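Enquirer: show me the folded form of this:
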Amino acid sequence: MNTSIGLKDPDETQNIEEDSQTSVNSLLRAISVFLAGIWRSTVHTVDRMVSFVESWALDAKHALYGTAVVRILLGVTLLGSALSEFGTRNYTWGPGAAWTGQLQYPSSSFSTMWPFSLVREAARTELGITLVLLALIVCSTLFIVGYRTRLVMIPLFVLWVGFVNINLYVQNQSDNLTRIVFIALLFSGISERWSLDAIRRSRTAHLRTGKLRSLWNFQPVLPSWMTNLAHNSAVVVIGVQICFVYASGGLFKAGGEPWQEGIAIYAPLHTMEFGTWPALSNLVTFWGPVVAIGTIGTVLVQTAFPMMLLHRFTRVLALIIIMGFHAAIGLLMGLPWFSLGMIALDAIFISDRTWSGLEQRWHRARGREVSTPSIA
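Expert: Predicted coordinates for the structure are as follows:
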């Protein structure tokens, strides 16, 4: 009888083992090659991202026109607020505002914090609150035209924050956002476009003076990478803050029953406090679908605002809707300075190319050409 029946040939067994080992080795090599490829792709992607961020942050200033528009419109907002409050300054902000209890027992910590406390102390007399508003008007005007902007911003910030915190009952949310943005704007090139400071810089560019004189003439005295980093960081801070405000506001609205039912914008337009133009409010809210579209559309755009900024088409759409929303608030609800303040901050998302193109069209309409600085 053949005893080898049912037993494998030793050579065949060895070949099978070698084939298995070869397969395992091939699989391990394939896995190692795959992982190495992923690692190289990851390193390359991270390197490109770091290079892009470094180049974006250090090579040039971005949104120079946008920050200039923020400066101008915010200045108009502060100036308009001061002028509109001038007639009732004593009752709303001055000694006649003792009825609020804010002068004696301030609710805001800013009112007790130096130097903002100086504004509250001045508001105790009619002369003091008058001088505060006059100083606010002067500083706002200088801020709008961009005259010694960085110096003017300091007293303007103190006067504005101190002023709006005298009486918390007449504040609005744009006042809080303006205070936050002002701090960031102090580190930006806010007057490098459309300002008297920019005109002075161009006229004194050929002069060779010391650092203090150059600083007074609005000439650069620090390394460009340092000022570029400060400016671009300020732009990012402002943009992120605005996104937080809109996204959080949209999510908060989404939790409210009137917003879910599509009727939230109806009630405010028919109250005595905000129904500034009753006939216009009736016209706007006459047709139910318009109310529903306005209500639900507000929630959707505010919530999705940060994501809509990622593509040019959706960014333009979001800005048109959100600015139209604020314009409607200013007109229909009698809150022009709140609306203008928010529109001013939204302007930072409009690209420099767009602002530069508008500038060129303006000059062509006036019959003259101007050279435009290169847009990074």
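
Enquirer: for residue 207, the count of nearby residues, please.
Expert: 10 (other CB atoms under 10 Å). Heads up, the C-betas are built off the backbone N, CA and C, glycines and all.

Enquirer: and it, what does it touch?
Expert: By CB atoms under 8 Å, 6 or more residues apart in numbering, the contact list for residue 207 reads 213, 217, 219.

Enquirer: ok, now residue 232?
Expert: So residue 232 contacts 56-57, 61-62 (CB under 8 Å, 6+ apart).

Enquirer: okay, those in JSON lines with secondary structure, neighbour count and distance to residue 157 next?
Expert: Shown next, in JSON lines, are the contacts of residue 232 (DSSP: H, G, I helix; E, B strand; the rest coil; neighbours: other CB atoms under 10 Å; distance: CB to CB, whole Å):
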{"residue": "56", "secondary structure": "helix", "neighbour count": "14", "distance to residue 157": "28"}
{"residue": "57", "secondary structure": "helix", "neighbour count": "17", "distance to residue 157": "25"}
{"residue": "61", "secondary structure": "coil", "neighbour count": "21", "distance to residue 157": "22"}
{"residue": "62", "secondary structure": "coil", "neighbour count": "21", "distance to residue 157": "24"}
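
Enquirer: can you list the weak-confidence ranges in the chain?
Expert: Low-confidence segments of the chain (pLDDT under 70): 1-21, 173-174, 368-376.

Enquirer: in stretch 296-312, what's buried?
Expert: Neighbour counts over stretch 296-312 (16 or more other CB atoms under 10 Å) mark 296, 298-299, 301-303, 305-306, 308-309 as buried.

Enquirer: cool, and stretch 242-255?
Expert: 242, 245-247, 249-250, 253.

Enquirer: try stretch 134-144
Expert: In stretch 134-144, counting by 16+ other CB under 10 Å, buried: 135-144.

Enquirer: helix or strand for residue 188, which one?
Expert: Using DSSP states H and E, residue 188 falls within no helix or strand.

Enquirer: next: the one 10 residues further on.
Expert: Taking DSSP H and E as the definition, one finds residue 198 inside helix 196-203.

Enquirer: which parts of the helix or strand following that helix are buried?
Expert: Using DSSP H and E, the helix or strand that follows helix 196-203 in sequence is helix 211-216. Residues residue 214 are the ones in helix 211-216 that count as buried (16+ other CB under 10 Å).

Enquirer: by contact count, what packs against helix 211-216?
Expert: For helix 211-216, not one helix or strand is in contact under the criterion 3 or more CB pairs under 8 Å, 6 or more residues apart in numbering; DSSP states H and E.

Enquirer: C-terminal to that helix, what's the next element?
Expert: helix 224-254.

Enquirer: just the helices from the stretch 1-150 of the chain, written as ranges.
Expert: 10-58, 64-86, 89-92, 116-122, 126-145, 149-164 (DSSP state H, counting those that start in this stretch).

Enquirer: wait, I meant the stretch 251-376 of the chain
Expert: Under DSSP H, counting those that start in this stretch, the stretch 251-376 of the chain gives helices at 257-261, 278-284, 288-308, 312-332, 336-346, 352-365.

Enquirer: which residues sit against the third one?
Expert: By that I understand helix 288-308. For helix 288-308, using CB under 8 Å, 6+ apart, the contacting residues are 243, 246-247, 249-251, 253-254, 258-259, 262-266, 284-285, 314-315, 317-318, 321-322, 325.

Enquirer: OK, contacts around residue 221?
Expert: 211, 214-215.

Enquirer: and the gap between it and residue 227?
Expert: For residue 221, the distance to residue 227 (CB to CB, to the nearest Å) stands at 9 Å.

Enquirer: likewise for residue 109?
Expert: 33 Å.

Enquirer: who has more neighbours, those two?
Expert: The residue with more neighbours, out of residue 109 and residue 227 and counting by other CB under 10 Å, is residue 227; that gives 18 against 9.

Enquirer: got the contact list for the more buried one?
Expert: Residue 227 sits in contact with 61, 189, 220, where contact means CB under 8 Å, 6+ apart.

Enquirer: thought residue 64 was touching the second one, still the case?
Expert: Yes: contact status for residue 189 versus residue 64: in contact at 5.9 Å, counting by CB atoms under 8 Å.

Enquirer: shared neighbours, these two?
Expert: residue 231.

Enquirer: any idea which of the buried residues of stretch 296-312 is closest to residue 24?
Expert: residue 306 (48.9 Å; CB to CB).

Enquirer: any idea how far that closest one lies from residue 329?
Expert: 21 Å.

Enquirer: tell me the contacts of residue 197?
Expert: 146-149, 191, 218.

Enquirer: can you add distance to residue 36 and give the residues you listed back as CSV?
Expert: Putting the contacts of residue 197 into CSV (distance: CB to CB, whole Å) gives the following:
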residue, distance to residue 36
146, 55
147, 60
148, 59
149, 54
191, 52
218, 53
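
Enquirer: contact partners for residue 137?
Expert: Residue 137 touches 79, 82-83, 86, counting by CB under 8 Å, 6+ apart.

Enquirer: how near is residue 105 to residue 169?
Expert: Distance from residue 105 to residue 169, by CB to CB: 13 Å.

Enquirer: the more surrounded of those two?
Expert: A direct count of neighbours by other CB under 10 Å for residue 105 and residue 169 places residue 169 higher, at 11 against 8.
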